[in-house]
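Visitor: Below: sequence and its predicted model.
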Amino acid sequence: MKKIAGMLLVVLALAGVLWADSALSITGAGATFPYPMYSKWFDEYHKKNTGLLINYQSIGSGGGIKQVTEGTVDFGATDGPMNDDQLKAFQDKHGFAILHFPTVLGADVPTYNITGVDANLNFTPEALAGIFLGKITKWNDPAIASVNKDVKLPAEDIVVVHRAESSGTSYIWTDYLSKVSEEWKGKVGKGAAVNWPVGLGGKGNEGVTGTIKNTPNSIGYVELIYAEANKIPYGNVKNAAGIFVKASLAAVSAAAAGAAKEMPDDFRVSITNAPGKASYPISSFTWLLIPEKFSDATKRDAIKGFLKWALADGQSYAENLSYAKLPKEVVAKEVKAINKIQ
Amino acid sequence: MLTMTGVCALVAVSVLFFVLGYLVYHGGTSINWNFFTKLPAPVGESGGGLANAILGSAKLLLLASFVGVPIGFFGAIYLAEFSGGTIAFVVRYAADLLNGVPSIVIGIFAYSLVVHPFKHYSTLAGGFALGLMMIPITLRSTEEFLRAVPNALREAAMALGASKWKTIATVIVPAAYRGILTAILLAFARVAGETAPLLFTALGNQFWSPGWEQPTASLPVMIFTYAVAPYDDWHRQAWAAGLVLLGLILVINIVARAILSRGIAVPRT
Amino acid sequence: MATTTSTVPSAGPVAGSRSFLSRLREGDEIARIITSLFAASVVLITLLLVFELWQGSVLPRHKFGFNFFRTSVWDPIFDQFGALPFIYGTVVTAAVSLLIAVPLGIGAAIFLAELAPARVSDALEFFIDLLAAVPSVIYGLLGVFIVIPLMRQYIQPALKHSFGFLPLFQGPAYGVGFLTAGIVLAIMVIPYIISVSREVLLSVPRDQREAALSLGATRWESTWKVVVPFARTGIFGSIFLALARALGETMAVTMVIGNTPVISTSLFSPGYSIAAVIANEFTEATGDLYTQSLIELGLVLFLLTFILNGVARLLIVATSQRGSGLG
């Protein structure tokens, strides 16, 4: 009896200790594309506001959209903007709208692991589409070799790696391929989770990077920072102006320049295959999905406070992590839009 | 031919030692003070730890015990002391059914029952899912140990005028306590390593999880997340976490069996 | 304790010889009710689980019907969901795992039951039980860092070299795939085969062995031709049990199978299993049809393991009854 009483006391004490931490906790989930950025942001913001914990789980853009629509998380994150059906579904379910807020700009890069090849390969849109359609199967195929004349490409099978789950990174990639390849558009289409003709599935940007790192002669698409941080080579892509461009902050910002001037009110825009000589063709904004109304005023204020910080001080962390800052015009428009959140 | 069978046995056992050895080697070199005290660092930065996952797992297991142990224990008392044949059969059948359910399906069930209606992922949901998995083990094992207590004890207590529940509380359960403790410990060890049910219930958290209604990090989920990622620092931490988790589970198993092998505390007449 | 009642309480579960009031007064009825509620909750939970699985999969069941099991297209964009690749992957990996685990497991069980001295047998059994306690994610961890590189660098090329004419061993060596998942699963299910088979073999009555030996059989002949066939049904039971475990395994499989819904004759090909696809896609399945299709997959898995576990139990019980009946 005494033992049981003793254990009970320990349990209650433990519970007391754990309850005592009454910090405000907000949960968000979604894209893995900006995860390195967000994890840094939420960590820094927590240091400035110790009473606030923003817990972000990178489960993929599809997960972010679904969970915020279900209401199981407070906000979502995606690199593929919600389509009209998804917006309507949210509106129908909650009675108010969901708002998109771009946070940073990033790039999908074709990253690869070819034995004996360290160089930055050049990829034409046709080559990329062909590889991912499964029509170009060997690394020394003329479509690749012809634009990489000074690289010795092996006669090995190409191992394609794509995302296993619903992903904004996939959305950006397939959006681009749909714009540059009629065959891709008809056969596979653009979307966060498509019926991939070939390839292995990796979970999250992390999983794809890991798979490429471990699999010789593989190619996949990941957000720029994942390739850089893990020191795997990534290729240059031929843009709409015919120039092979390597993904970089400047190239991504160049791609966004046109959209910045004509940003729609709901911030949903695609900047893949953007015009301009310096533009990197597979760039994209990434968005936070914030519901228009919050029933909990403290949560609402906390999120609005965070958004304002992210659009101002937060932007200074972006370049270190290889994300491009938002164009000034977009920031100005967003700051006004924050007031829509009630 | 006979030696072939010996070889088979050797292969099987050596796998265990290999698993343990590899974990000790890789995990041991990765365990440092940071691992136990620090929170995860932002993606790509090193120096973080899994302190929140350790606490998260502890909280989840505590909750699981609150669900699994009472149902298993009191249900077993009912089966062993009060019930008739058919009802006992149905309950046992249901428990065995529950035991065989793949853990991912338990995750779906816990999601539809706890996460979806209450609109958030939480430690509660994760603890509930794990608790469900504890029920069958606790129930069946406790029932067996209660049944193993000789009738002579029951009759003696009755003869002295004790009511049934008093007999159970003061005579039978204490007599079977070693077995019951073993059952609880084994159930505990079983769910300590479960990952799949937590994926849709407790989700994850890079910070401490205050209270019980927020998502929480847990060791098994962090091992999964870190293992498939490309960062070497994360791999190290996955090994360390694997070692801690496996160490915990093996210690519990060994302790449980040791308790049992000292015999059920019933004096032999 | 002083006698406070005028009737002698009965010892059995049916306390019909005392009045209801006296039982109530002594707290027995309350104890009975309380404990019965807990026991009933077990049944309730199980029923609720089946109900949730059934209700939660109503859309795809009505839309696809049995075609769900015949279609191999899994396309969330066009709302086409076919379970065939996942069923295929689940079955193939389970089959590979059994092909490896059953001979090894039964061999080890025979050794432990028939040949090893009692102390060695118990000690080894102890270790094998510990193997069964290792969680799935740890096997996954080892799978990712040890088995996959091994497969990719040594085993798959070697198999391709020697047996590449078979469609089973064709295609590029990714490291991940059906074969890798099968191997990891084999390691996970061996302990179950060994412990159950060992128990079943131990329960074979001594006279069977002695009769064979007295007729001039060698040790091996007595074991292989008399004892094992006698315990045959129980051994099959252990195999079914292992199969049920292999089918439901999630984490270790999803970390090594390649997560691609394809059906291929090659064991080197990446694939997908039911449990793995649910784990990967459940939190992000947008749209009710998608989510419910995943739940229907869960229902399928549940039914499979339910049937297998039921059959397993019948077989194991049948053997032990047979053993004790003739003892």
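Guide: Sure, I can see it. Numbers count the residues shown, from 1 in each chain, chains lettered A, B, ... in the order given.
Visitor: Taking the stretch 151-269 of chain B, what residue is nearest to chain C?
Guide: For the stretch 151-269 of chain B and chain C, the shortest gap (CB to the nearest CB) falls at B:G193, measuring 2.4 Å. (Each C-beta comes from the backbone N, C-alpha and C, glycine too.)
Visitor: list the contacts for that residue?
Guide: By CB atoms under 8 Å, 6 or more residues apart in numbering or on different chains, the residues touching B:G193 are B:220, B:245-246, B:249, C:134-138.
Visitor: mind checking how far it is from C:S214?
Guide: For B:G193, the distance to C:S214 equals 49 Å [CB to CB, to the nearest Å].
Visitor: Repeat that for B:Y111.
Guide: 61 Å.
Visitor: so what's A:A119 closest to, chain neighbours aside?
Guide: Here the nearest residue to A:A119 in space, its sequence neighbours aside, is A:V151; by CB to CB, 6 or more residues apart in numbering or on different chains that works out to 5.2 Å.
Visitor: Please tell me the pLDDT value assigned to the one you found.
Guide: Among the per-residue scores, A:V151 shows a pLDDT of 90.
Visitor: cool, and B:G68?
Guide: The model reports B:G68 with a pLDDT of 93.
Visitor: do the same with A:L18
Guide: According to the per-residue confidence, A:L18 scores 55 in pLDDT.
Visitor: With C:S97 instead?
Guide: 94.
Visitor: which stretch of helix or strand covers it?
Guide: Of the helices and strands defined by DSSP states H and E, C:S97 is found in helix C:84-110.
Visitor: Give me the helices and strands touching the helix or strand just after that helix, please.
Guide: Next helix or strand after helix C:84-110 toward the C-terminus (DSSP H and E): helix C:118-133. Where contact means 3 or more CB pairs under 8 Å, 6 or more residues apart in numbering or on different chains; DSSP states H and E, helix C:118-133 is packed against helix B:2-30, helix B:232-261, helix C:178-202.
Visitor: for the record, mean pLDDT for helix C:118-133?
Guide: So the average pLDDT for helix C:118-133 ends up being 86.
Visitor: Give me the contact list for that helix.
Guide: Contacts for helix C:118-133 (CB under 8 Å, 6+ apart): B:9, B:12-13, B:15-17, B:19, B:189-190, B:249-250, B:253-254, B:257, C:108, C:112-113, C:116, C:190-192, C:194-195, C:198.
Visitor: relative orientation of that helix and helix B:2-30 in degrees?
Guide: Here the directions of helix C:118-133 and helix B:2-30 differ by 50 degrees (axes from the mean of the first three to the mean of the last three CA atoms, to 10 degrees).
Visitor: Let me see the contact set for A:G276.
Guide: For A:G276, the contacting residues are A:239-241, A:254-255, A:257-258, by CB under 8 Å, 6+ apart.
Visitor: got the phi/psi numbers for A:H100?
Guide: Listed backbone geometry of A:H100 is phi -100, psi 130, with angles given as degrees, to the nearest 10.
Visitor: That one is in contact with A:R268, isn't it?
Guide: Yes. Assessed by CB atoms under 8 Å, A:H100 is found in contact with A:R268 at 5.7 Å.
Visitor: So the residue nearest to A:A119 is in contact with A:D118, correct?
Guide: No. Taking contact to mean CB under 8 Å, the distance of 9.3 Å between A:V151 and A:D118 leaves them out of contact.
Visitor: So which of the two has more stuff around it?
Guide: Regarding A:V151 and A:D118, a neighbour count based on other CB atoms under 10 Å in any protein chain shown identifies A:V151 as having more, with 18 against 7.
Visitor: What are the phi and psi values at the residue nearest the centre of chain B?
Guide: Taking CA atoms, centre = their mean, the centroid of chain B lies closest to B:F188, which sits 2.4 Å from it. Comment: the main-chain dihedrals of B:F188 come out as phi -60, psi -50, following degrees, to the nearest 10.
Visitor: In contact with it, which residues are there?
Guide: Residues in contact with B:F188 (CB under 8 Å, 6+ apart) are B:61, B:64-65, B:134, B:252.
Visitor: Kindly recompute the last result at 10 Å.
Guide: Under the criterion of CB atoms under 10 Å, 6 or more residues apart in numbering or on different chains, the contact partners of B:F188 comprise B:61, B:64-65, B:68-69, B:130, B:134, B:137-138, B:248-249, B:252-253, B:256.
Visitor: How about C:T319?
Guide: Shown in contact with C:T319 (CB under 10 Å, 6+ apart): C:196, C:199-201, C:203-204, C:230-238.
Visitor: mind running it again at 7 Å?
Guide: Residues in contact with C:T319 (CB atoms under 7 Å, 6 or more residues apart in numbering or on different chains) are C:200, C:231, C:233-234, C:237.
Visitor: repeat for B:I54
Guide: B:36, B:219.
Visitor: How about the one 10 residues further on?
Guide: B:A64 is in contact with B:127, B:130-131, B:134, B:191, counting by CB under 7 Å, 6+ apart.
Visitor: Of all the helices and strands packed on helix C:118-133, which one is nearest C:A279?
Guide: In terms of CB to CB, the element of the helices and strands packed on helix C:118-133 nearest to C:A279 is helix C:178-202, at 13.5 Å.
Visitor: Thanks a lot, see you next time.
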